[in-house]
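Trainee: 3D, please:
(chains A, B, C and D)
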Number of protein chains: 2
Amino acid sequence: MAIKVFIVDDHYMVIEGIRSLLQNEKNIEWAGHAMNAGSCLAFLQKQLPDVILMDINMPEKNGIDLCKEVKAKYPAVFIIGLSTFNQQSFIEKMMENGASGYVLKNASKEEILEALQTVVKGKTYLSFDAIKTMKSKSEANLILTRREKEVLELIAEGMINSEIATKLFVSVTTVDTHRKNLLAKLNARNVAELIKLAFYHQLIAVNH
Amino acid sequence: MAIKVFIVDDHYMVIEGIRSLLQNEKNIEWAGHAMNAGSCLAFLQKQLPDVILMDINMPEKNGIDLCKEVKAKYPAVFIIGLSTFNQQSFIEKMMENGASGYVLKNASKEEILEALQTVVKGKTYLSFDAIKTMKSKSEANLILTRREKEVLELIAEGMINSEIATKLFVSVTTVDTHRKNLLAKLNARNVAELIKLAFYHQLIAVNH
DNA sequence: TAATTCCTCCCCTTTTTACATGATTTTTTA
DNA sequence: TAAAAAATCATGTAAAAAGGGGAGGAATTA
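Mentor: Numbers count the residues shown, from 1 in each chain, chains lettered A, B, ... in the order given. Here you go, the predicted model:
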């Protein structure tokens, strides 16, 4: 039985590239593609593929949120995150939101095929580079807690403590504590350096 | 006479996508591909294509520098910048370094063909979105002065205004003024967002 | 030359952060 | 289950940044 593969990516070339790669594979069936979250959801109402290859960087709704939504509505569908960015935070979030795998866009045909075949069995597939990234980060003494990561991102968004407190439904002093811990953990003198180091350690990304 | 097209991109899927798109075009000849700057330069020593589609975001050497180098060695080759990022600074730098065009990765087959046919005539091709970006004022006023760049970098280093003032031999109020102008120019609410946006606009780099 | 931009400096007020210090409750892990 | 880690909240002070003005001289450009 062929694996029905659907792809969501806002880049036409990537869609075309994957289609071309999988074209002559006999155990792969091309289910179709979408170039944004909306048309992906519309497609799924009519037809369910086995696996969705999902770009995590898209305008409007990003792949991380879309992944969560799709998984909530259609738990049987396996999702593989697709990205240019080999960043721990992205990989983690994608997996947290129910993805079964993560593949970089510079992956070879073999890697993609292996990923597809692995996830339909209910297993997890992380591309070699993704695993390396995950390990290198956990080895480094820079393990931020869930809350710290949340606060860090909101700080980078330009939010002040009171706004973050409101957003997270906690006290301002709590946010202040997280902020202090962030400064200490990253060994930063102030927010400016904190954000710079966060980029350096790939804790936040340039997705605007 | 068919146009010989070569592509440099570190993403296998993009290479495959473009090849697939151009496969059956009779006036297009596939010259080959490279996945990094080094093998691109190696290829060019043996064979010269008419047009190079060049990704601007690559590890090691980026497309902007590679463009300059290739154009210096082989002025006859036309280069089209290829990118996910629709950013004024990128487009500008690419054109300054001798590129003949700029196409976004979500471009259609028709757009790519038009770009190829335009540049071999010696003309310039910018994709619709790229033109729009160049014209938009929001990014246009992102030209920082010499002093502003200096101050921005020192802020990112974690230095406070008084330290920056000492380092630059100016008054603290002067540094403060530059800081205010930076916030205004980048439309940031505070330093945190300023640094994030500085990364986004490639005004500072991750060199620790 | 006139206009514009850049760099420099100053005033003031309010807001926000940074730092110290301590503590309770919940959750995770060994 | 006991220990460790994480998340929560607090009080207080000092430092720094943000935001609002204005203004003069130098350099560059039209």
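
Trainee: so what does the longest helix anywhere in chain A touch, helix or strand wise?
Mentor: In chain A, with assignment by DSSP state H, the single longest helix is helix A:172-186. Secondary-structure packing of helix A:172-186 (3 or more CB pairs under 8 Å, 6 or more residues apart in numbering or on different chains; DSSP states H and E): helix A:146-156, helix A:161-168, helix A:191-200. Any C-beta I mention is one placed from the backbone N, CA and C, and that applies to glycine too.

Trainee: I'd like these laid out as CSV, including mean neighbour count and distance to chain B.
Mentor: CSV is the format used below for these (neighbours: other CB atoms under 10 Å in any protein chain shown; distance: least, CB to the nearest CB, whole Å):
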stretch, mean neighbour count, distance to chain B
helix A:146-156, 19, 5
helix A:161-168, 16, 10
helix A:191-200, 23, 3
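
Trainee: how about the ones you listed in a markdown table, adding mean pLDDT?
Mentor: Supplementary listing: these in a markdown table, determined by pLDDT from 0 to 100:
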| stretch | mean pLDDT |
| --- | --- |
| helix A:146-156 | 93 |
| helix A:161-168 | 94 |
| helix A:191-200 | 92 |
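
Trainee: Okay, buried residues for the longest helix of chain A please.
Mentor: Residues A:Thr174, A:Val175, A:His178, A:Arg179, A:Leu182, A:Leu183, A:Lys185, A:Leu186 are the ones in helix A:172-186 that count as buried (16 or more other CB atoms under 10 Å in any protein chain shown).

Trainee: Excluding chain neighbours, what is closest to A:Lys68?
Mentor: Leaving out its chain neighbours, the residue that sits closest to A:Lys68 by CB to CB, 6 or more residues apart in numbering or on different chains is A:Asn97, at 4.1 Å.

Trainee: So what's the residue count around the one you found?
Mentor: Around A:Asn97 there are 20 other residues, counting by other CB atoms under 10 Å in any protein chain shown.

Trainee: now swap in A:Glu114 and tell me
Mentor: Neighbouring residues of A:Glu114 were enumerated by other CB under 10 Å; the total is 16.

Trainee: Against which helices or strands is the strand or helix carrying it packed?
Mentor: If you go by DSSP states H and E, A:Glu114 is part of helix A:109-119. Counting contacts by 3+ CB pairs under 8 Å, 6+ apart, helix A:109-119 is packed against strand A:3-8, helix A:12-22, strand A:51-55, strand A:78-83, strand A:101-104, strand A:125-126.

Trainee: which residues touch that helix?
Mentor: When contacts are defined by CB atoms under 8 Å, 6 or more residues apart in numbering or on different chains, helix A:109-119 is touched by residues A:3, A:5, A:18, A:21-22, A:25, A:28, A:51, A:53, A:78, A:80, A:100-101, A:103, A:107, A:124-125, A:127-128, B:12.

Trainee: And those residues, which of them are buried?
Mentor: Among the contacts of helix A:109-119, those buried by neighbour count (16+ other CB under 10 Å) are A:3, A:5, A:18, A:21-22, A:25, A:28, A:51, A:53, A:78, A:80, A:100-101, A:103, A:107, A:125, A:127, B:12.

Trainee: Packing partners of whichever strand or helix holds A:Val70?
Mentor: A:Val70 is part of helix A:63-73 when elements are defined by DSSP H and E. Packing partners of helix A:63-73 (3+ CB pairs under 8 Å, 6+ apart): helix A:37-46, strand A:51-55, strand A:78-83, helix A:88-96.

Trainee: what's the offset of the first one from the middle of its chain?
Mentor: Relative to its chain's centre, helix A:37-46 lies at 19 Å (CA atoms, centre = their mean, to the nearest Å).

Trainee: so A:Asp55 bridges to which residues?
Mentor: Here A:Asp55 shows beta-bridge partners A:Leu82, assigned using DSSP bridges.

Trainee: mind checking how far it is from chain B?
Mentor: Separation of A:Asp55 from chain B (CB to the nearest CB, to the nearest Å) stands at 10 Å.

Trainee: cool, and A:Val175?
Mentor: 13 Å.

Trainee: Check the contact between that residue and A:Glu148; I expect there is one.
Mentor: No: in this structure, A:Val175 sits apart from A:Glu148 without contact. The criterion is CB atoms under 8 Å, and the distance is 10.6 Å.

Trainee: thinking again about what came up before, just send the buried residues of helix A:172-186 back as JSON lines, with distance to DNA strand C too.
Mentor: Written out in JSON lines, the entries for the buried residues of helix A:172-186 read as follows (distance: CB to the nearest atom of the strand, whole Å):
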{"residue": "A:Thr174", "distance to DNA strand C": "9"}
{"residue": "A:Val175", "distance to DNA strand C": "8"}
{"residue": "A:His178", "distance to DNA strand C": "10"}
{"residue": "A:Arg179", "distance to DNA strand C": "5"}
{"residue": "A:Leu182", "distance to DNA strand C": "8"}
{"residue": "A:Leu183", "distance to DNA strand C": "5"}
{"residue": "A:Lys185", "distance to DNA strand C": "12"}
{"residue": "A:Leu186", "distance to DNA strand C": "11"}
